[in-house]
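K.L.:
Model the following, please.
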Amino acid sequence: MTTTPHRVVIVGAGFGGLETTYRLAGAPVEITLIDRRNHHLFQPLLYQVATASLATSEIAWPIRHLMRDRREVTTLFATVSGVDTARRCVLIDDGSEVPYDTLVLATGARHAYFGHDEWEAWAPGLKTLEDATTLRRHILVAFERAERETDPQKRAARLTFVIVGAGPTGVELAGTIAEMAHHTLPADFRSIDTRKARVVLIEAGPRVLAGFPDELSAYAQASLEKIGVEVVLGQAVTEINREGVVFGGKLLEAKTRIWAAGVRASPAAEWLGAPSDRAGRVLVEADLTIPGHPEIFAIGDTVSINAWDGKPVPGIAPAAKQQGRHVAETIKARLREETKGAFRYKHAGSLAQIGKRLAVIDFGKVKLRGTIAWWIWGIAHIYFLIGLRHRLSVALSWLWIYARDQRAARLITQGSSKVA
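P.N.:
Numbering: from 1, shown residues only. Here you go, the predicted structure:
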């Protein structure tokens with residue numbers, strides 16, 4: 001008698017979805033891994049593509065290549081439009097369906113503009129490779145346009161870069177753009193002094209890196225200001241338009257605006273009719289299942305759960321990986337007709353780079369800052385990259401930037417010089 005393998009459908013090949021797939025190796029399951037992109041992206045280094053420090057191929061891997069030796073895994077390049085929980089089918093936007101016995105939603109997050117979606121046209125965010133290459137184009141084109149601009153006011157606007165939101169992404173972007181303007185680009189231009197570029201980091205809250213301890217937050221702010229970033233705290237942005245950004249009742253003219261202030265979960269909660277928080281994250285049960293649907297799990301930025309000593313689990317890669325591991329172990333336990341307990345998050349630490357030789361790290365009792373934190377930050381990120389070639393490539397790129405202040409990925413793509 002033939003037994004049909006248990007059908008597991010995983011939507012999303014980010015950190016959580018990929019970890020679930022890896023951890024199910026050897027289990028009597030048939031896996032369908034669905035993603036609307038054909039690559040797995042190492043999001044923590046996405047800002048380095050946007051700031052010309054790394055190439056796209058150094059932080060992304062084709063999903064099919066990663067799954068090439070897993071014969072039980074079928075990869076689908078497709079966009080999910082919904083879930084039919086009654087019939088246990090994932091709905092694809094082309095009208096097709098994928099049946100499941102167990103469903104894992106690892107669909108990530110998108111940008112949130114706090115009710116001002118029209119701002120996205122003027123201040124793009126950073127979640128995908130397309131976002132990163134678009135931002136890289138905006139940043140590099142700003143210097144190119146400034147080189148040709150004869151009007152002092154317009155030139156100043158070209159050389160003003162505004163980042164909204166002072167979380168890790170905002171801080172890392174601001175620090176890297178400032179260092180590029182002050183150290184990488186000055187010798188490349190003739191009509192402008194790139195060191196006169198303004199990098200303005202705006203945060204509605206009282207401090208940068210709000211998730212870090214006060215002393216590390218204060219150090220990060222002082223370090224940013226030392227390398228030329230203007231930090232504006234306690235000021236909410238009230239308008240973003242073609243000319244610039246309005247905050248504190250005044251318009252700051254800036255041709256490059258970057259949104260790093262907030263995210264909203266994918267529409268997974270809407271697909272399922274499940275309870276969610278204000279950011280659209282699914283409120284899952286203690287074992288990461290959807291209320292009323294024990295056969296459906298949700299993980300990563302898709303969910304909200306207080307599994308970190310009663311506190312919300314942060315939306316970071318290690319958390320998604322831990323959740324993916326828990327889900328895989330739960331599925332395997334169920335197949336053995338056993339039970340698995342509630343998910344518990346173990347925080348390994350928080351890291352953020354400020355500049356070329358500056359970073360902050362919070363390991364709980366141990367807090368590090370400065371150059372030693374930067375080296376640990378770099379080693380940690382290289383360790384989590386996939387494949388020896390990518391680790392070596394990124395390490396060499398960083399050593400070159402460290403030693404020579406040069407960024408080799410300064411390529412303007414997606415258009416010609418006629419496109420502003």
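K.L.:
Show me the helices in this protein, by range?
P.N.:
Listed in chain order, the helices found in the chain under DSSP state H are 15-23, 46-50, 63-66, 129-148, 152-158, 168-179, 214-226, 268-272, 317-335, 371-384, 388-404.
K.L.:
which other residues reach the fifth one?
P.N.:
Put plainly, it is helix 152-158. Here helix 152-158 makes contact (CB atoms under 8 Å, 6 or more residues apart in numbering) with 142-143, 145-146, 149, 192, 198, 243-244, 253-255. Bear in mind the C-beta positions are built from the backbone N, C-alpha and C, glycine included.
K.L.:
again with the third one
P.N.:
Residues outside helix 63-66 that contact it (CB under 8 Å, 6+ apart) are 13, 18, 33, 35, 38-40, 75, 386.
K.L.:
mind running it again at 10 Å?
P.N.:
With CB atoms under 10 Å, 6 or more residues apart in numbering as the test, helix 63-66 has contacts from 13, 17-18, 21-22, 33-35, 37-40, 73, 75-77, 386-387.
K.L.:
Repeat that for the last one.
P.N.:
When contacts are taken as CB under 10 Å, 6+ apart, the neighbours of helix 388-404 outside the stretch itself are 42, 45, 48, 52-55, 57-61, 176, 179-180, 183-184, 356-357, 374-375, 378-379, 381-385, 387, 406-409.
K.L.:
Could you rerun that using 7 Å?
P.N.:
By CB atoms under 7 Å, 6 or more residues apart in numbering, the residues outside helix 388-404 that reach it are 53-54, 58, 356, 378, 382, 385, 406-408.
K.L.:
can you check the longest one too?
P.N.:
With CB under 7 Å, 6+ apart as the contact definition, helix 129-148 has outside contacts at 41, 46, 49-52, 56, 60, 124-126, 155, 158-159, 161, 177, 185, 189, 191-192, 194, 255-256, 258, 410, 412-415, 420.
K.L.:
Report the beta-bridge partners for residue 233.
P.N.:
Beta-bridge pairing for residue 233 (DSSP bridges): residue 203.
K.L.:
Strands along the stretch 1-150 of the chain, start to end?
P.N.:
Ranges of strands in the stretch 1-150 of the chain, per DSSP state E, counting those that start in this stretch, are 6-11, 29-35, 39-41, 60-62, 73-77, 80-84, 89-92, 97-99, 102-105, 109-111.
K.L.:
just those strands: most buried one?
P.N.:
Neighbour counts (mean count of other CB atoms under 10 Å) averaged over each of the strands of the stretch 1-150 of the chain peak at strand 102-105, with a mean of 27.
K.L.:
hey, C-alpha coordinates of that strand in PDB?
P.N.:
Output of strand 102-105 as PDB, limited to C-alpha atoms (Å, rounded to 0.1, in the frame of the first residue of the first chain):
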ATOM      1  CA  THR A 102       0.000  22.000   6.000                       C
ATOM      2  CA  LEU A 103       0.500  25.600   5.000                       C
ATOM      3  CA  VAL A 104       3.400  27.900   6.200                       C
ATOM      4  CA  LEU A 105       3.000  31.600   5.400                       C
END
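K.L.:
That one - contacts with which helices or strands?
P.N.:
With contacts taken as 3 or more CB pairs under 7 Å, 6 or more residues apart in numbering; DSSP states H and E, strand 102-105 sits against strand 6-11, strand 293-298.
K.L.:
Going by distance to residue 338, which of the contacts of helix 388-404 wins?
P.N.:
Within the contacts of helix 388-404, the smallest distance to residue 338 is 34.6 Å, found for residue 385 (CB to CB).
K.L.:
got the contact list for the closest one?
P.N.:
By CB under 7 Å, 6+ apart, the contact list for residue 385 reads 42, 391, 394.
K.L.:
Please report how far the closest residue to the first one other than its chain neighbours lies from residue 202.
P.N.:
Using CB to CB, 6 or more residues apart in numbering and skipping the chain neighbours, the partner closest in space to residue 42 is residue 59 (4.3 Å). As for residue 59, its distance to residue 202 is 27 Å (criterion: CB to CB, to the nearest Å).
K.L.:
same thing with residue 326?
P.N.:
Using CB to CB, we find residue 326 at a distance of 37 Å from residue 202.
K.L.:
Next up, the contacts around the residue nearest to residue 42.
P.N.:
With CB under 7 Å, 6+ apart, residue 59 has these contacts: 41-42, 45-46, 49.
K.L.:
which among the residues you listed gets closest to residue 218?
P.N.:
Comparing the contacts of residue 59 against residue 218 with CB to CB places residue 45 closest, at 25.7 Å.
K.L.:
Go ahead and measure how far stretch 195-203 is from the middle of the chain.
P.N.:
Here stretch 195-203 is found 22 Å from its chain centre; the criterion is CA atoms, centre = their mean, to the nearest Å.
K.L.:
Export that stretch to PDB, keeping only CA atoms.
P.N.:
This file holds the C-alpha atoms of stretch 195-203, laid out as PDB (Å, rounded to 0.1, in the frame of the first residue of the first chain):
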ATOM      1  CA  ARG A 195      31.800  66.700   0.800                       C
ATOM      2  CA  LYS A 196      29.300  69.600   0.900                       C
ATOM      3  CA  ALA A 197      26.400  67.100   0.500                       C
ATOM      4  CA  ARG A 198      23.800  67.200   3.300                       C
ATOM      5  CA  VAL A 199      22.600  63.900   4.700                       C
ATOM      6  CA  VAL A 200      19.600  64.500   7.000                       C
ATOM      7  CA  LEU A 201      18.200  61.800   9.200                       C
ATOM      8  CA  ILE A 202      14.700  62.600  10.500                       C
ATOM      9  CA  GLU A 203      13.100  60.700  13.400                       C
END
